[in-house]
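Peer 1: pasted the sequence and its predicted model underneath.
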Amino acid sequence: MTTMTTTPVSTVPDALRPLLVVHTAFRRDARALRTAIDGLDPADPREVEELASCFALTEELLAAHHHHEDHRLWPMVVAQDPDFETHAARLETDHLALGRLLTEVRGGLAHLAVATGEARSRAHRRLVGSAAALEAHLAEHLDREEALLVAVAHTSFTPEELETATRQLAKAVRWREALQVVPWALSAATPDERREAMASLPAPVRLVLPLAEGRFRRRFGLFLRSARRSRLAA
Ligand SMILES: [Fe+2]
Ligand SMILES: [Fe+2]
């Protein structure tokens, strides 16, 4: 599987690799959303409903990811390197803009579910534009964030400090959240990344993971198929 990050993997400290897997999953979702909306039959209510359900999970995870970065990760980085403050402000502004695009897509999907005739075609065309804008803005944000984080990790943290910081951040993730995030992130991981992630998971999470992965695949089938098709076409 191709890792869609544009950050050269060789420059990434080990402690930041899980974050990049999460970013790969978000890039995959934004692309799957755009591809699924492009090929959508807006008159098929089941297809619209399935698409809205997949998007709702991506939106929830992305909102939680932004909250985690704004309230936990940036303060931790700024405490280590006060110069990061201006970058943190820029990344928070990106998060707000992405939040508005997520709201636009959610509203577009809700409108599509109830519109008919010409209004439905117009709603579909608007949604195609919103999904393309979300994909482009998210890609730009993730590229910027990864470049800034890799740079500050090298200049302001020792490998041990980085390890401690990522362990502290992982501890803040609740069980319920982990059982949603882990199957989703692993579905975008390479076999090596999966092996590494599995080794670092607490035993109770590993135990219930097959169940959680099955539930995730049933809910997220449309996006996973859409991502597979766009990969094959690339
Ligand atoms: Fe991020
Ligand atoms: Fe971010």
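Peer 2: Ah, there it is. Ligands and ions are numbered 1, 2, ... in the order given.

Peer 1: middle-most residue in the chain, spatially?
Peer 2: F26 (2.6 Å; CA atoms, centre = their mean).

Peer 1: test my guess that that one contacts A64.
Peer 2: No: with contact defined as CB atoms under 8 Å, F26 does not count as touching A64 (11.5 Å). C-beta: built from backbone N, CA, C; applies to glycine.

Peer 1: phi first, then psi, for the residue nearest to the centre of the chain.
Peer 2: Dihedral angles of F26 (phi, psi; degrees, to the nearest 10) stand at phi -70, psi -40.

Peer 1: which elements pack onto the lowest-mean-pLDDT helix or strand in the chain?
Peer 2: One helix or strand of the chain scores below all others by mean pLDDT, DSSP states H and E: helix 159-171, with a mean of 87. Secondary-structure packing of helix 159-171 (3 or more CB pairs under 8 Å, 6 or more residues apart in numbering; DSSP states H and E): helix 74-80.

Peer 1: 10 Å instead?
Peer 2: helix 17-38, helix 74-80, helix 117-156 (3 or more CB pairs under 10 Å, 6 or more residues apart in numbering; DSSP states H and E).

Peer 1: nearest to L179, of those helices?
Peer 2: helix 17-38 (15.1 Å; CB to CB).

Peer 1: which among the helices and strands packed on helix 159-171 is found nearest to ligand 2?
Peer 2: Distance to ligand 2, taken as CB to the ion, is lowest for helix 117-156 among the helices and strands packed on helix 159-171, at 4.8 Å.

Peer 1: can I get stretch 140-153 in PDB, CA atoms only?
Peer 2: Output of stretch 140-153 as PDB, limited to C-alpha atoms (Å, rounded to 0.1, in the frame of the first residue of the first chain):
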ATOM      1  CA  GLU A 140      -2.000  21.300   2.100                       C
ATOM      2  CA  HIS A 141      -2.500  21.400   5.900                       C
ATOM      3  CA  LEU A 142      -1.100  17.900   6.500                       C
ATOM      4  CA  ASP A 143       2.000  18.700   4.400                       C
ATOM      5  CA  ARG A 144       2.600  21.900   6.300                       C
ATOM      6  CA  GLU A 145       2.000  20.200   9.700                       C
ATOM      7  CA  GLU A 146       4.300  17.300   9.000                       C
ATOM      8  CA  ALA A 147       7.100  19.500   7.700                       C
ATOM      9  CA  LEU A 148       6.900  21.700  10.900                       C
ATOM     10  CA  LEU A 149       6.700  18.800  13.300                       C
ATOM     11  CA  VAL A 150       9.500  16.800  11.700                       C
ATOM     12  CA  ALA A 151      11.700  20.000  11.800                       C
ATOM     13  CA  VAL A 152      10.900  20.800  15.500                       C
ATOM     14  CA  ALA A 153      11.300  17.200  16.500                       C
END
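
Peer 1: can you give me the buried ones in it?
Peer 2: Buried residues in stretch 140-153, counted by 16 or more other CB atoms under 10 Å: 141-142, 145-146, 148-150, 152-153.

Peer 1: with stretch 104-120 instead?
Peer 2: 104-105, 108-109, 111-112, 120.

Peer 1: of those residues, which belong to helices?
Peer 2: In this view, the buried residues of stretch 104-120 that belong to helices under DSSP state H are 104-105, 108-109, 111-112, 120.

Peer 1: make CSV out of those and add pLDDT and distance to ligand 2.
Peer 2: Shown next, in CSV, are those (pLDDT from 0 to 100; distance: CB to the ion, whole Å):
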residue, pLDDT, distance to ligand 2
E104, 98, 18
V105, 98, 17
G108, 97, 23
L109, 97, 23
H111, 96, 28
L112, 95, 28
R120, 96, 34
